[in-house]
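J.: Pasting the sequence and the predicted coordinates here, then a few questions.
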There are 4 protein chains.
Amino acid sequence: MCLGLENMSKGTVVLAYSGGLDTSCILVWLKEQGYDVITYLANIGQDEDFEAARKKAESLGAKKVFIEDLRAEFVEEFIWPSVQANAIYEDRYLLGTSIARPCIARRQVQIAKQEGAQYVSHGATGKGNDQIRFELTCYALYPEVKVGTGHLTPKHGIPVPVTPKAPWSMDANLMHISYESGILENPKNHAPSDLFLMTKSPEDSPNVPDMVEIKFNKGVPVMVTHLKEGTTKTTPLDIFSYLNELGGKHGVGRIDIVENRFIGMKSRGIYETPGGTILYHAHLDIETFTMDREVRRIKQDLGIKFSELLYNGFWYSPECKFLRHCIAKSQENVEGKVQLSVFKGHVYILGRESPGSLYNEELVSMDVQGDYDPCDASGFIKINAVRLREHHRMEREAQLKQ
Amino acid sequence: MCLGLENMSKGTVVLAYSGGLDTSCILVWLKEQGYDVITYLANIGQDEDFEAARKKAESLGAKKVFIEDLRAEFVEEFIWPSVQANAIYEDRYLLGTSIARPCIARRQVQIAKQEGAQYVSHGATGKGNDQIRFELTCYALYPEVKVGTGHLTPKHGIPVPVTPKAPWSMDANLMHISYESGILENPKNHAPSDLFLMTKSPEDSPNVPDMVEIKFNKGVPVMVTHLKEGTTKTTPLDIFSYLNELGGKHGVGRIDIVENRFIGMKSRGIYETPGGTILYHAHLDIETFTMDREVRRIKQDLGIKFSELLYNGFWYSPECKFLRHCIAKSQENVEGKVQLSVFKGHVYILGRESPGSLYNEELVSMDVQGDYDPCDASGFIKINAVRLREHHRMEREAQLKQ
Amino acid sequence: MCLGLENMSKGTVVLAYSGGLDTSCILVWLKEQGYDVITYLANIGQDEDFEAARKKAESLGAKKVFIEDLRAEFVEEFIWPSVQANAIYEDRYLLGTSIARPCIARRQVQIAKQEGAQYVSHGATGKGNDQIRFELTCYALYPEVKVGTGHLTPKHGIPVPVTPKAPWSMDANLMHISYESGILENPKNHAPSDLFLMTKSPEDSPNVPDMVEIKFNKGVPVMVTHLKEGTTKTTPLDIFSYLNELGGKHGVGRIDIVENRFIGMKSRGIYETPGGTILYHAHLDIETFTMDREVRRIKQDLGIKFSELLYNGFWYSPECKFLRHCIAKSQENVEGKVQLSVFKGHVYILGRESPGSLYNEELVSMDVQGDYDPCDASGFIKINAVRLREHHRMEREAQLKQ
Amino acid sequence: MCLGLENMSKGTVVLAYSGGLDTSCILVWLKEQGYDVITYLANIGQDEDFEAARKKAESLGAKKVFIEDLRAEFVEEFIWPSVQANAIYEDRYLLGTSIARPCIARRQVQIAKQEGAQYVSHGATGKGNDQIRFELTCYALYPEVKVGTGHLTPKHGIPVPVTPKAPWSMDANLMHISYESGILENPKNHAPSDLFLMTKSPEDSPNVPDMVEIKFNKGVPVMVTHLKEGTTKTTPLDIFSYLNELGGKHGVGRIDIVENRFIGMKSRGIYETPGGTILYHAHLDIETFTMDREVRRIKQDLGIKFSELLYNGFWYSPECKFLRHCIAKSQENVEGKVQLSVFKGHVYILGRESPGSLYNEELVSMDVQGDYDPCDASGFIKINAVRLREHHRMEREAQLKQ
């Protein structure tokens, strides 16, 4: 361990505990070193037997066990701002893991403060981004905390899973599942067809699209309605879960990318983000429909910057807080309804309406002259051309001199 | 006509002639005014009876008729740089019309200079972007030229098409077809299912994917190979046409968007860009695979700026020329092969390889420690946290004061 | 006149009236055409005999005369946000004229609405930016208004100034005086030494510096104190006027530049902005002192964009409103005191302090180890070098292949 | 030492040796540990007794001593690209130290490779930027190298300077001197008046300005001429040294700032950069005079990014190389002459001319109508206002609804 928990004056550690082998080993090792260990397991929508994990932690000597359902706050406080931002890393990755880390670590720090623990620990190690995201959040919210991480060898007395582990690693939450490492490390290898757990293969998905309408207010979804079945969802968690189900059924949101990690390596990752992908497209549509062009342009840059910060673990940084504020401000008039269909892995925008859109059907109509004078366009063009003509003049003069 | 061609001392006009009603009217009217009219029709891949158009122009009194096959230069000089740039307007539109205009207008200006014509004219009118793109190109390349446009009423003696026009307008070229106006002006209306001419409906497309490998060099495709059939294409025009065919077969590249025009209106457009969509995804993949993270980040901003310039008609501007140079420079090491499948409207990246990638399988491997020291990561994180902790300190002090 | 006021059904025009020859001619001409003319003269700090102008307007037939003192709102609502933004165009011009136009035009539009006038008119013509700034403000705040401008020949009966006009044109307000045109149009010509009206020549300015302390709160000055004399100013208008006086006395804020106008021409302008220049430097200092590095970086980009918008006349645009909001948000902690001296045309920052600075003297001290572990820096560097080493590896491999 | 040179298998170290106490201690200590030590001292224009340093190194046991005159390459390869970029960090700091580090470290790495040394070492330690700049350069150019740094206590037998050290630290080279630490750490303290070594106090500088003309080609100075005395300099080193002399004589280029270090701390620094400040202003002027507005705008962003990279030590990075290329490309037409005066700490631009400027005196003239039609401006404005009016319409509708 870099931090050398072994050398510290003993005290209490809050350990982010997954129930798996790695963090069980850390638990046992910390106990052996003389620490009091409080385990903390966040429910952010992953498929997990939380009670079994509780028992396991207790049996391994955890002094206290926290199992916290963070799903609603994950959607409202982390996914929704990302939807507003159209957050996407390197044009493709929707940041499902990146935004889960600060949500998880925030609660861990709260527990540490409340329980008087001086230490936090976790199992995210190695060459990844998650250690960074986790630790930056801890330092930002609890600057005095000591963070201990560890690569540990399996300890005796820890139940080892009988089924062989898949030849890759995965991270799952309400927003997505990511797959990397192992046989996926060779970027040329195609992903095995049985990899995906959250989405059906488009080849096996229904032959008939589903059509839904998503209603937005201030840039976040407030209602989703299935156009044929009439099903309606209105709470953030219900809306997101329903879109996950729908996207999963139609194989939406699978990507296979090579991305640039914060530590400077390129890594290959495969992701499935069904509901997040639907929302990404729907929000992009309602935003462009309702937002002024130039505000949108500025906000686009802010969103790109925001996405980088999320990826690199800076959710709790002054600049990210500033950007969240600015982006939220930009969303004040982003309201209306988007109709879309999902089918065979793809999302199709079908139409949109808004009570407050800048879209002016009469103004844009080719059949209505209205207030628009074509001669103004000629003037507009000629003034825009002043600069271009001057440039041409200069180039010609330069050529003549040669 | 804004420019008042009627008041000019007569001379020669090169008219961008489509063979349709509008430009035929302009031709007749110009003749009536006493101008010599040279018609010019560019073949940039649209579905057109060029010989019929030639005859029509001649019969209406064109002094000279130019029909020019620009397809190869359209791909090599306009589509390829856009692929290198990942050019996309407002995150969705691949700019198929935008980049065709400067290609068409450039040749028109060449003809005007060569034929000693003082005037150019075209049929792009109204509230759109195309008049701007056309005229800015003309002024940039031939600053002394006079541009005349016109809204004209149908003239007698001009053959009128018998079949009623579709209740929308379209613009077609090798890269895409766009649909707008008419019944599409209401942004809520779904597009009719028989709208699309270039792509099959995903619902009717094959139930089996096609897999191809695209080879890139310096950021442009140099070969495409069908993985099962072994078909291979190697010239730019062949590659692009083949990808169009493939994408069209599988319903790839349909979008329905509201976009912001240069003149400040929002307009609804529907586009199908089969080959361009495949290339967009493939290039994004090989680029991220081979380009340094920070170069990519800078280049991403340049690409966004570049896309705006194309949309607004500034292909021939000093800044666009500068950006093309910089973007091309960024592509020097963008080489390698991307394997992908197209299926039911979607493009799936399957894997990639490159002789010169920055991807280092050993470095990134979770199973190989190698040169990478986890303690360096701890230092990296702690230094990154210095700023965050200071911010927290200040906020706490501020709270205490209150 | 482009708009053809001569063809309009007659009504009431609010004319921005300067008291000078040009706008007097417009007044007379409008009367002759049958319009009712209301003149409006804004006091934004220029040196003017307002009562003489009132009498002149009345004698020329103005139906009503408005003379409005906008100095306080000019400082608080236009200069202060520009100080917060460090607004500067093309790295040099502090935008003194640019931000006066929307201030003036806003009141004119208010008068037009209140008086039921359908028209507004002004004397800013020709190739400049001011026509644009004026008219964009009018259209933005009163979309139905008709704007008439005119190049008019002198009318009989209008008193012509006896003293010959200076061989350049100038625009003066509380923030600055600009000089352009005439003998200044040749960019090689040095400005004559008697040009400047607001600042003393540094060669003739005092041989002893003046030292002041400027106190900021939320990024705007709230108090200025002369360190030796103890003079104190606390209202925005007093603060700004005092800094003008001080800067003027010491020859601060003179620049000679070529700038790029919105209409695409380059023009040569000479400016003197005494108080604004002092504030620019002082604000830059307190901002960097109190603002997080990365927030500052984002805000810097917003400020550049903001400056362009001001220059181009878009103060009243959705994007400029959005930027003002974001920039104001960034200033929440920008508080403290800056001590500086002004001497012979230059501003010297001497020191600064803040109750809420992120500056941590102990943390940065070379004499105090504190919490900072140099080994963390090594880790930080090595992780940052991962990417550079990979790049080197790839380049070496590429060379070996050749 | 973080890297633990004490534990390495012994070999050869190239030590960046200053002749001062710190690096002398490192030399002795390395010898004691059993290393062969090669000392390397770069002459980049600092005031130093190089022969004394050589003797000292030899007397302390250096196996080999390199003293390298890098002044010409420092100017041509590091200062000139920074001038082209208008490189400035956080709007104020001209990066004099930042760009010297890669110049020095590059040669050190060359020596290490040539001498077969596996190690490099330096005395830049603690909380500063220089360690980062130094080490990133080493890793980038010699990825296998091991870098050892050290805080060492004084060793016996090393001559200690008799004169007490100033109560601050400084770093000097041809471009600037920086002062920090010690009594300067309190950001409120004014700098003592005897601090500056490179520039005269403006209060004591001549009462008559000096006027020079600087001729640029491709964005770098190629000749400087004193307008009265006729003195002319034409080599890069001569030009820069002459401008240093001139600026120093007139007290030009002093700043007192708080800046944000890469490691996340704020630090106070005082700098004097006489020649660099003159060139910054002169280049800004000729660039705006000759470069298209929109190219300039893009290049401005690139220059800001470039400046950050220099500050943070990334001169030898793929992105910095890319930016240097793009920026150099933008300078192709930046040629001409700028006349300026230096006086009492300030630089005044007086006029400029260029054989290839985009400045068109006739076009911009208020006295020449020329090709410019004022009605085009009205059209230009009205089209620009379309968006603003729509925004107003929407806001009004929103208000009516409430």
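T.: That came through fine. Numbering: from 1, shown residues only, chains lettered A, B, ... in the order given.

J.: rest of the way, CA atoms for contacts and neighbours
T.: OK.

J.: Near chain C, which residues of chain A are found?
T.: A:263-265, A:292, A:294-295, A:298, A:318-319, A:322, A:326, A:329-330, A:383-387 (Cα under 8 Å from any Cα of the partner chain).

J.: Filter those residues to keep only those in contact with chain B.
T.: A:263-265, A:318, A:384-385.

J.: Relative to residue C:60, which of these is nearest.
T.: Nearest to residue C:60 out of those is residue A:384 (Cα to Cα; 38.8 Å).

J.: what about the closest one, neighbour count?
T.: For residue A:384, the count of nearby residues is 21 (other Cα atoms under 10 Å in any protein chain shown).

J.: Surely it is in contact with residue B:317?
T.: No. Using Cα atoms under 8 Å, residue A:384 makes no contact with residue B:317, being 10.4 Å away.

J.: So which residues of the stretch 251-400 of chain A form helices?
T.: Secondary structure of the stretch 251-400 of chain A (DSSP state H, counting those that start in this stretch): helices at A:274-290, A:293-312, A:318-330, A:361-364, A:374-401.

J.: Quick one: mean pLDDT for the third one?
T.: Averaging pLDDT along helix A:318-330 yields 98.

J.: and that helix, what does it pack onto?
T.: Judged by 3 or more Cα pairs under 8 Å, 6 or more residues apart in numbering or on different chains; DSSP states H and E, the packing partners of helix A:318-330 are helix A:80-84, helix A:293-312, helix C:293-312, helix C:318-330.

J.: could those helices go into CSV alongside distance to residue B:13 and mean neighbour count?
T.: Formatted as CSV, those follow (distance: least, Cα to Cα, whole Å; neighbours: other Cα atoms under 10 Å in any protein chain shown):
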stretch, distance to residue B:13, mean neighbour count
helix A:80-84, 51, 22
helix A:293-312, 36, 21
helix C:293-312, 36, 21
helix C:318-330, 42, 20
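
J.: Out of those helices, which gets nearest to residue D:183?
T.: Set against residue D:183 and scored by Cα to Cα, those come closest in helix C:293-312, at 23.8 Å.

J.: Off-centre distance for the closest one?
T.: 14 Å (Cα atoms, centre = their mean, to the nearest Å).

J.: what angle do that helix and helix C:318-330 make?
T.: Counting by axes from the mean of the first three to the mean of the last three Cα atoms, to 10 degrees, helix C:293-312 lies at 140 degrees to helix C:318-330.

J.: Now helix C:293-312 - C-alpha only, CSV.
T.: This file holds the C-alpha atoms of helix C:293-312, laid out as CSV (Å, rounded to 0.1, in the frame of the first residue of the first chain):
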residue,chain,number,x,y,z
ARG,C,293,-7.2,28.1,-11.5
GLU,C,294,-9.5,26.0,-13.5
VAL,C,295,-12.6,28.2,-12.9
ARG,C,296,-10.4,31.1,-14.1
ARG,C,297,-9.4,29.2,-17.2
ILE,C,298,-13.1,28.6,-18.2
LYS,C,299,-14.0,32.1,-17.3
GLN,C,300,-11.2,33.4,-19.5
ASP,C,301,-12.7,31.8,-22.5
LEU,C,302,-16.1,33.2,-21.6
GLY,C,303,-14.6,36.6,-21.2
ILE,C,304,-13.1,36.5,-24.7
LYS,C,305,-16.4,35.4,-26.2
PHE,C,306,-18.2,38.1,-24.2
SER,C,307,-15.8,40.8,-25.5
GLU,C,308,-16.4,39.8,-29.1
LEU,C,309,-20.2,40.0,-28.5
LEU,C,310,-19.8,43.5,-27.0
TYR,C,311,-17.7,44.6,-29.9
ASN,C,312,-20.1,43.3,-32.5
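
J.: can you list contacts of that helix?
T.: Applying Cα atoms under 8 Å, 6 or more residues apart in numbering or on different chains, the contact partners of helix C:293-312 are A:318-319, A:322, C:85-89, C:95, C:98-99, C:129, C:132-133, C:261-262, C:288, C:315, C:320, C:323-324, C:327, C:330, D:260, D:264.

J.: Ok, stretch A:218-226 next?
T.: With Cα under 8 Å, 6+ apart as the criterion, stretch A:218-226 contacts A:80-81, A:83-84, A:210-216, A:231-236, A:239, A:283, A:287, A:328, A:331-335.

J.: Filter these down to the buried ones, PyMOL style.
T.: Buried subset of the contacts of stretch A:218-226, written as a PyMOL selection, criterion 16 or more other Cα atoms under 10 Å in any protein chain shown:
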select buried, chain A and resi 80+81+83+84+210+211+212+213+214+215+216+232+233+235+236+239+283+287+328+331+333+334+335
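
J.: before we move on, the earlier item: shared neighbours of residue A:384 and residue B:317, anything?
T.: Joint contacts of residue A:384 and residue B:317 (Cα under 8 Å, 6+ apart) do not exist.

J.: Give the buried residues for the helix or strand containing residue A:98.
T.: Under the criterion of DSSP states H and E, residue A:98 resides in helix A:96-115. Within helix A:96-115, the residues that count as buried by 16+ other Cα under 10 Å are A:96-109, A:111-112.

J.: isn't residue A:330 right next to residue C:322, touching?
T.: Yes. Using Cα under 8 Å, residue A:330 makes contact with residue C:322 at a distance of 7.2 Å.

J.: so where is the stretch 301-402 of chain A shaky, pLDDT-wise?
T.: A:369-370 (pLDDT under 70).

J.: Chain B contacts on that one?
T.: So far as Cα under 8 Å from any Cα goes, the stretch 301-402 of chain A lies against chain B at A:316-318, A:344-346, A:348-353, A:358-361, A:363-366, A:372, A:374-375, A:377-378, A:381-382, A:384-385, A:388-389, A:391-392.

J.: Separate out the buried members of those.
T.: Among these, the ones that count as buried by 16+ other Cα under 10 Å are A:316-318, A:344-346, A:348-353, A:358-361, A:363-366, A:372, A:374-375, A:377-378, A:381-382, A:384-385, A:388-389, A:391-392.

J.: how many other residues sit next to the residue lying closest to residue A:332 once chain neighbours are set aside?
T.: With sequence-adjacent residues excluded and distances taken as Cα to Cα, 6 or more residues apart in numbering or on different chains, residue A:332 is closest to residue A:218, at 4.8 Å. Using other Cα under 10 Å, the number of residues around residue A:218 comes to 17.
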